[in-house]
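[1] The following comprises the amino acid sequence and a computationally predicted model.
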Amino acid sequence: MGVPFEALLPYGIMLGMFGFTGAALSKIRHMQNGGKRARHSVDQWDRQMMDRDRRLTGFLRGQTDNPIAPAGFELSNAWRVEKKIV
């Protein structure tokens with residue numbers, strides 16, 4: 001005895017929605033990284049360099065080969081300053 005196809009429709013719909021959601025999240029992550037693949041196991045050094053790249057280019061994963069920093073880079077200090085406790 002066969003299984004009526006109506007019983008398999010919910011499974012097909014769920015599989016389609018999971019596939020669509022996975023593809024959409026992958027595309028959003030790809031767009032957020034400036035068209036580059038997502039990074040894994042990012043340590044403190046990588047975060048520091050990515051922050052520097054963001055301050056130089058405006059994008060977290062952007063890189064530049066210009067040897068001279070753009071105007072205003074000297075004012076975008078990466079050091080965080082805390083207020084003095086009196």
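    Ah, there it is. This is a predicted model, so every value here is computed, not measured.
[2] give me the element the nearest residue to P70 once chain neighbours are set aside is part of.
    In space, and not counting its chain neighbours, P70 is closest to L56: 6.9 Å by CB to CB, 6 or more residues apart in numbering. All C-beta spots, glycine's among them, are computed from the backbone N, C-alpha and C. Taking DSSP states H and E as the definition, L56 sits inside helix 44-57.
[3] what does G22 give?
    G22 belongs to helix 9-32, assigned by DSSP H and E.
[4] mean confidence for that helix?
    Computed over helix 9-32, the mean pLDDT rounds to 94.
[5] would you put the C-alpha positions of it in CSV?
    Written as CSV, here are the backbone C-alpha positions of helix 9-32 (Å, rounded to 0.1, in the frame of the first residue of the first chain):
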residue,chain,number,x,y,z
LEU,A,9,3.5,17.8,1.4
PRO,A,10,4.2,19.1,4.9
TYR,A,11,7.7,17.5,4.8
GLY,A,12,8.4,19.0,1.4
ILE,A,13,7.3,22.5,2.6
MET,A,14,9.5,22.2,5.7
LEU,A,15,12.4,21.1,3.7
GLY,A,16,11.9,23.9,1.2
MET,A,17,11.7,26.5,4.0
PHE,A,18,14.9,25.2,5.7
GLY,A,19,16.7,25.3,2.4
PHE,A,20,15.5,28.9,1.6
THR,A,21,16.4,30.1,5.1
GLY,A,22,19.9,28.6,4.9
ALA,A,23,20.5,30.1,1.5
ALA,A,24,19.2,33.5,2.6
LEU,A,25,21.4,33.5,5.8
SER,A,26,24.4,32.5,3.8
LYS,A,27,23.8,35.3,1.3
ILE,A,28,23.4,37.9,4.0
ARG,A,29,26.6,36.7,5.7
HIS,A,30,28.4,36.9,2.4
MET,A,31,27.1,40.4,1.8
GLN,A,32,28.1,41.6,5.3
